[in-house]
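Participant: Predicted model follows, preceded by the sequence.
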Amino acid sequence: CHKSNIKVAAYMSSTNMFVDDMLAHVPESRDWLLIGDHGKPVPYGAANFKRMGRTTRMLADISHPGWRAYLKRRIDAAIDIGVDAIEYDNVSYVIGGSERSKRRYRDFLENNRFADSAATREAYRHETERRLFRELLAHARKRKPDMIIFHNANYGGYSVSRSDTLISTEDGKEPGYY
């Protein structure tokens with residue numbers, strides 16, 4: 001591709017873990033699972049697991065330092081093979097049921113003098129996502145100054161994309177790349 005002056009982008013998920021593979025090859029990933037209010041890992045919401053007979057994709061806690069370090073290792077591997085950009089899909093974060101997650105959200109409320117509401121939970125979610133992408137872009141650009149990091153954002157998440165160098169969307173309201 002590069003010989004033909006074509007840039008190459010890798011497509012990755014920022015939140016999904018295919019748990020069978022991850023637990024077999026990265027055992028510490030067990031600690032990175034997003035724990036929901038019910039005290040169990042949160043499954044990826046857009047998949048139909050009934051046909052599989054079991055849940056094969058779970059969400060990672062994108063605020064967990066171990067998960068963030070793993071994403072950076074994946075960026076390094078992509079740069080090592082010559083990738084020019086990374087598009088992240090499956091971008092979502094929820095306030096989970098773990099004590100760590102609840103504490104981080106309480107700190108967010110206290111530090112900003114916010115009351116808990118649907119709007120503040122959404123603001124917290126977006127802020128957590130923004131921080132992740134800023135951190136990933138900074139990491140990538142230490143090694144490759146012209147690296148592009150972007151993610152697939154739908155209408156409600158466009159503001160998160162201000163932390164990226166490109167916005168993509170598939171929601172139909174404003175489809176395309178910006």
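Facilitator: Happy to help now that I have it. As the structure is a computational prediction, the values presented were derived from the model and not from experiment.
Participant: Can you show me the helices along the protein?
Facilitator: 19-25, 65-80, 99-112, 118-143 (DSSP state H).
Participant: residues near H38, how many?
Facilitator: 9 (other CB atoms under 10 Å). C-beta here means a position set from N, CA and C on the backbone, and glycine is covered the same way.
Participant: distance of it from A69?
Facilitator: Relative to A69, H38 is positioned 27 Å away (CB to CB, to the nearest Å).
Participant: before we move on, back to that, in TSV, list the helices of the chain along with mean neighbour count and distance to A10.
Facilitator: Listed next are the helices of the chain as TSV, based on neighbours: other CB atoms under 10 Å; distance: least, CB to CB, whole Å:
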stretch	mean neighbour count	distance to A10
helix 19-25	14	17
helix 65-80	16	5
helix 99-112	13	28
helix 118-143	17	11
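Participant: got JSON lines for these, with mean pLDDT too?
Facilitator: Formatted as JSON lines, the helices of the chain follow (pLDDT from 0 to 100):
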{"stretch": "helix 19-25", "mean pLDDT": "94"}
{"stretch": "helix 65-80", "mean pLDDT": "96"}
{"stretch": "helix 99-112", "mean pLDDT": "86"}
{"stretch": "helix 118-143", "mean pLDDT": "88"}
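Participant: The ones you listed: which one's closest to I6?
Facilitator: Evaluated with CB to CB, those place helix 65-80 nearest to I6, the distance being 15.9 Å.
Participant: any idea how far the closest one is from the chain center?
Facilitator: 12 Å (CA atoms, centre = their mean, to the nearest Å).
Participant: Remind me what it packs against, helices and strands.
Facilitator: strand 9-13, helix 118-143 (3 or more CB pairs under 8 Å, 6 or more residues apart in numbering; DSSP states H and E).
Participant: Export the ones you listed as JSON lines, with columns for distance to N48.
Facilitator: Output for the helices and strands packed on helix 65-80, formatted as JSON lines (distance: least, CB to CB, whole Å):
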{"stretch": "strand 9-13", "distance to N48": "17"}
{"stretch": "helix 118-143", "distance to N48": "24"}
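Participant: The ones you listed: which one's closest to R73?
Facilitator: Of these, nearest to R73 by CB to CB is helix 118-143, at 9.9 Å.
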